[in-house]
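Student: Build me a structure from this.
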Amino acid sequence: MSYRLCVHPGIAPQWERLAAGGPMLTTPGWLRAMAGRLGGRTLTFVVEQDGEACLAVHATVQPVPRPGELFDLHHVLVSEAPALPLTDASRAARAELSGRAELSGRAASDPSRWTPNLLVMLPGYECLPVGPAATSSAALAVAVDGILGWAADAGIATVAFLYTRPDATALTGALSAAGFVATPLSLTWDLPVPSDGGFDAYLASLPRKRAAEAGRELARLTANGVRLRHLHGDAIPPFVPVLARLRGQLVSKYRGRCDELAERGRLESLLHDVAGGRAEVVLADAGDAVVGFALFAPFADGWQCLALGYDYTDPRSRFAYFGTAFYGAVPLASAQGVRRIGYGQGSARAKQDRGCVGTPLTAWLHSTDPELMATARAAATATVLIPGDGRSPAEASPAEASPAGRKPA
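Tutor: As a prediction, this is how the structure comes out:
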């Protein structure tokens, strides 16, 4: 059995075949919709077995720091990273580490020291190999060793595999064996949808205090004159200009800037390339104005939340996030037999309070720069994620989705 690694610019022609039957984030439609989201130069590393492609991973070369972005290595691995679901003690410990590094003049505290780097992950903020050998320890070892060799030949000191899931044991075993440092990174959130009982069963699954709070939030929406409405399939495209405007407000709020025309194009691609004309949208109407929306796409036995948007200039949009993303979506999903709604990362407390269960995601870093490796090891020791088991935390939840730096859902 002979393996070899090949490197393709862009998305390799074998990707569609290798990704067939895989998660939504690996589909060609998703990659088309998210093209350019990670910036840099896109590469596909393909492992061949006896001349036949059997495994592929998506990567980008990051030439410069991207402050605040959740694919910027300095930001997510050593800074306080306010958008990541870290415990308060963990955030304080990382701040102390950064402070000590600055006082000692260590260059590892400079974000530019972490670039250029090779970033192995999908634009959906997960690292998911595709192909029949995606769980083969031997094939993944060839991929990891070959990627490190390619980076060294390209003069790139630092390689990172970001957002690996706990069940990716063959991949993480290969990374560990190659000397990568593992750091707890984030949580991705899924909401179990009751098979019977619809919204009432959903409320009954929440702690009593949270269920009561949900009732109060719905009452406040009603008091604000907000009505939740459902759009499906062909009814959605005429609303794209409105959705793009609302989406633009959300992106501007959390990233500080937005190209509304680009967001409109991305929404159209999500509807066509990802949802295949089967999208579901929950609107928040206030009189004749739309003040919020949540867009979902069906995939396998679940829905995935693809986009959100809200009118922050209209006070009636308060609580519209909860209404569109959760309270309006759950009864629709339940009625259609959907068992799970995926919400991705961000807004950890808000999602946890509304019954979502978090799956931990891990970062893996390798660098030929000993200072970067030492800094990464120290930060990894200091980093702890909040629990993701869906229990309601004591502190209040934020009232917005999609914190700064990550792709807003």
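Student: counting contacts, what elements does the helix or strand bottoming out on mean pLDDT in the chain pack onto?
Tutor: Least confident helix or strand, the chain: helix 88-104 with a mean of 79, by mean pLDDT, DSSP states H and E. Counting contacts by 3 or more C-beta pairs under 8 Å, 6 or more residues apart in numbering; DSSP states H and E, helix 88-104 is packed against helix 370-382. For the C-beta atoms, the positions are set from N, CA and C on the backbone; glycine is no exception.
Student: Figure out how far the helix it packs on is from the centre of its chain.
Tutor: Mean C-alpha position of helix 370-382 versus that of the full chain (C-alpha atoms, centre = their mean, to the nearest Å) differs by 24 Å.
Student: just checking, what packs against it?
Tutor: helix 73-77, helix 88-104, strand 181-192, strand 357-367.
Student: related to what we said a few turns ago, mind listing the strands the helix or strand just after the least confident helix or strand of the chain pairs with, and their directions?
Tutor: Following helix 88-104 in sequence order, the next helix or strand is strand 117-120 (DSSP states H and E). Take DSSP bridges as the rule and strand 117-120 pairs in its sheet with strand 52-62 (antiparallel), strand 158-164 (parallel).
Student: looking at those, which is buried most?
Tutor: Highest mean neighbour count among the strands paired with strand 117-120 (mean count of other C-beta atoms under 10 Å): strand 158-164, with a mean of 25.
Student: And the contacts of that one?
Tutor: Contact partners of strand 158-164, identified using C-beta atoms under 8 Å, 6 or more residues apart in numbering, comprise 71, 73, 76-77, 114-121, 125-127, 147-148, 151, 171-172, 175, 180, 185-186, 188, 361-369, 372.
Student: Give me the buried subset of those.
Tutor: By neighbour count, with 16 or more other C-beta atoms under 10 Å, those hold 71, 73, 76-77, 114-121, 125-127, 147-148, 151, 171-172, 175, 180, 185-186, 188, 361-367, 372 as buried.
Student: Could I get the average pLDDT for stretch 240-254?
Tutor: Taken as a whole, stretch 240-254 has a mean pLDDT of 92.
Student: Buried residues of that stretch, list them for me.
Tutor: Neighbour counts over stretch 240-254 (16+ other C-beta under 10 Å) mark 240, 243-244, 246-251, 254 as buried.
Student: how about CSV for those residues, with distance to Leu308 added?
Tutor: Below are the buried residues of stretch 240-254 laid out as CSV (distance: C-beta to C-beta, whole Å):
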residue, distance to Leu308
Val240, 15
Leu243, 10
Ala244, 12
Leu246, 8
Arg247, 7
Gly248, 12
Gln249, 10
Leu250, 6
Val251, 10
Tyr254, 10
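Student: low-scoring pLDDT stretches of the stretch 101-250 of the chain, where are they?
Tutor: Along the stretch 101-250 of the chain, the parts satisfying pLDDT under 70 run over 101-107.
Student: can you give me the helices in it?
Tutor: Using DSSP state H, counting those that start in this stretch, the helices assigned to the stretch 101-250 of the chain run over residues 137-153, 169-177, 198-205, 208-223, 240-255.
Student: want to try TSV for those helices, with distance to His272 as columns?
Tutor: Below are these laid out as TSV (distance: least, C-beta to C-beta, whole Å):
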stretch	distance to His272
helix 137-153	32
helix 169-177	31
helix 198-205	30
helix 208-223	31
helix 240-255	11
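Student: Out of the ones you listed, the one nearest Ala83 is which?
Tutor: Ranking the helices of the stretch 101-250 of the chain by proximity to Ala83 (C-beta to C-beta) places helix 240-255 first, at 8.4 Å.
Student: Report all helices and strands that that closest one contacts.
Tutor: Where contact means 3+ C-beta pairs under 8 Å, 6+ apart, helix 240-255 is packed against helix 260-269, strand 289-299, strand 302-310.
Student: among the ones you listed, which is nearest Leu385?
Tutor: Using C-beta to C-beta, the helices and strands packed on helix 240-255 put strand 302-310 closest to Leu385, at 20.8 Å.
Student: Sheet-wise, list the partners of that closest one with their directions.
Tutor: Strand 302-310 has the following strand partners under DSSP bridges: strand 289-299 (antiparallel), strand 340-344 (parallel).
Student: Those into a markdown table, with extra columns for distance to Ala376, mean pLDDT and mean neighbour count?
Tutor: Listed next are the strands paired with strand 302-310 as a markdown table, based on distance: least, C-beta to C-beta, whole Å; pLDDT from 0 to 100; neighbours: other C-beta atoms under 10 Å:
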| stretch | distance to Ala376 | mean pLDDT | mean neighbour count |
| --- | --- | --- | --- |
| strand 289-299 | 34 | 97 | 24 |
| strand 340-344 | 25 | 96 | 23 |
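Student: and those strands as a markdown table, adding distance to Arg91?
Tutor: Output for the strands paired with strand 302-310, formatted as a markdown table (distance: least, C-beta to C-beta, whole Å):
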| stretch | distance to Arg91 |
| --- | --- |
| strand 289-299 | 29 |
| strand 340-344 | 21 |
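Student: For Val357, find the nearest of those.
Tutor: strand 340-344 (9.5 Å).
Student: what's the nearest residue to Thr87 if we skip its chain neighbours?
Tutor: The shortest distance from Thr87 to any non-neighbouring residue, by C-beta to C-beta, 6 or more residues apart in numbering, is to Val384 (4.8 Å).
Student: Great, nothing more from me.
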